[in-house]
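K.L.:
Sequence plus predicted model, see below.
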Amino acid sequence: MVKVIVHIAKAMVAIVVSLLFASCGFDIRTVDGDGNVVKKEIPVTGNFNSVSVERDLEVIIVQGSQPSVTLETDQNLVEHIKIEVKGHELKITSDANLDSDMKRITVVMPTIESLSTSSSAKITANGAIKGDSMSFSSSSGSSIDLTIDADKLECETSSGSQIGVSGKTNDLDAQTSSGGHINAQALKAENVNATASSGGNIIVNPIKHLSADASSGGNIKYVTTPAKLKQNASSGGNVSQL
């Protein structure tokens, strides 16, 4: 019991520290928006199939044939939001803490393979996104909320972040730790592999097979009992039907 409490305490400390770093971003400078919201097309060079966003920015993904990036924010904040393609990844960040209710980037892209958020950033999408294999990851109080249609999906959360996903997939690999949360209750998945530790929580909807491993206060819940169920719970972990 003592070990479980220690694991959970460590997880909570990790969350608090991560959120503190996310809020300050190692940069104490804060720039207030001037209230004059503008919309600007951002030219990008190079093909990209992945997006990473951080520092409390909001990204909306639109699956479309013609790639484009549109920024909506206060006019005086435009210069502080940095958007560039590195390799096959579109990286979105800022060089200061931006105080504004509007910090939205709309990204149109034909192929979506990887999406990641950190430091309180957020990714959503207009409509369902389709693909063969996708990977989503969130950390440090950030979030991803999407509807998908994919052959394979990998989800990973940590440090108080969350992923919400609906739709359908053949194979789902879900991993969470340090108070992270994955809600795949509305995602119909033929086969699911789920791992939760250090206070992390996962909800899945397996159809044929579920392999679930929960430890150190981790919690895994499944909507219905699949045809094949393999479960392991240790050090205060829990695996149970919703």
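P.N.:
Nice, I can see it. Numbering: from 1, shown residues only.

K.L.:
can you give me the end-to-end distance of stretch 136-150?
P.N.:
12 Å (CA to CA, to the nearest Å).

K.L.:
Can you list the buried residues in that stretch?
P.N.:
Judged by neighbour count (16 or more other CB atoms under 10 Å), stretch 136-150 contains these buried residues: 136-144, 146-148, 150. The way it works is simple: take the backbone N, C-alpha and C, and place the C-beta from them, glycine included.

K.L.:
Next: stretch 48-64.
P.N.:
Result for stretch 48-64 [16+ other CB under 10 Å]: buried residues 48-61, 63.

K.L.:
how long is that stretch from one end to the other?
P.N.:
Stretch 48-64 end-to-end distance (CA to CA) = 13 Å.

K.L.:
try stretch 110-127
P.N.:
13 Å.

K.L.:
what comes up buried for that stretch?
P.N.:
112-123, 125.

K.L.:
With distance to Gly33 and secondary structure as extra columns, can I get those in JSON lines?
P.N.:
Compiled in JSON lines, the buried residues of stretch 110-127 are given as follows (distance: CB to CB, whole Å; DSSP: H, G, I helix; E, B strand; the rest coil):
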{"residue": "Ile112", "distance to Gly33": "30", "secondary structure": "coil"}
{"residue": "Glu113", "distance to Gly33": "33", "secondary structure": "coil"}
{"residue": "Ser114", "distance to Gly33": "30", "secondary structure": "strand"}
{"residue": "Leu115", "distance to Gly33": "26", "secondary structure": "strand"}
{"residue": "Ser116", "distance to Gly33": "25", "secondary structure": "strand"}
{"residue": "Thr117", "distance to Gly33": "21", "secondary structure": "strand"}
{"residue": "Ser118", "distance to Gly33": "22", "secondary structure": "coil"}
{"residue": "Ser119", "distance to Gly33": "18", "secondary structure": "coil"}
{"residue": "Ser120", "distance to Gly33": "16", "secondary structure": "coil"}
{"residue": "Ala121", "distance to Gly33": "17", "secondary structure": "coil"}
{"residue": "Lys122", "distance to Gly33": "17", "secondary structure": "strand"}
{"residue": "Ile123", "distance to Gly33": "21", "secondary structure": "strand"}
{"residue": "Ala125", "distance to Gly33": "25", "secondary structure": "strand"}
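
K.L.:
of all those residues, which two lie farthest apart?
P.N.:
Greatest spatial distance among the buried residues of stretch 110-127 (CB to CB): Glu113 and Ser120, at 23.7 Å.

K.L.:
Measure how far the helix or strand harbouring Thr169 is from the centre of its chain, please.
P.N.:
Using DSSP states H and E, Thr169 maps to strand 162-176. Centroid separation for strand 162-176 versus its chain: 11 Å, with CA atoms, centre = their mean, to the nearest Å.

K.L.:
name the helices or strands packed onto that strand?
P.N.:
strand 129-138, strand 143-157, strand 181-197, strand 201-215 (3 or more CB pairs under 8 Å, 6 or more residues apart in numbering; DSSP states H and E).

K.L.:
Specify the angle between that strand and strand 143-157 in degrees.
P.N.:
For strand 162-176 against strand 143-157, the angle by axes from the mean of the first three to the mean of the last three CA atoms, to 10 degrees is 0 degrees.

K.L.:
ok, the buried residues of stretch 48-64 vs Ile81, which is closest?
P.N.:
Leu57 (6.9 Å).

K.L.:
wait, the closest one sits on Ile92?
P.N.:
Yes - in this structure, Leu57 is within contact of Ile92 by CB atoms under 8 Å, at 5.9 Å.

K.L.:
Quickly list what's touching both of the two.
P.N.:
Ile81, Ile105, Ala121 (CB atoms under 8 Å, 6 or more residues apart in numbering).
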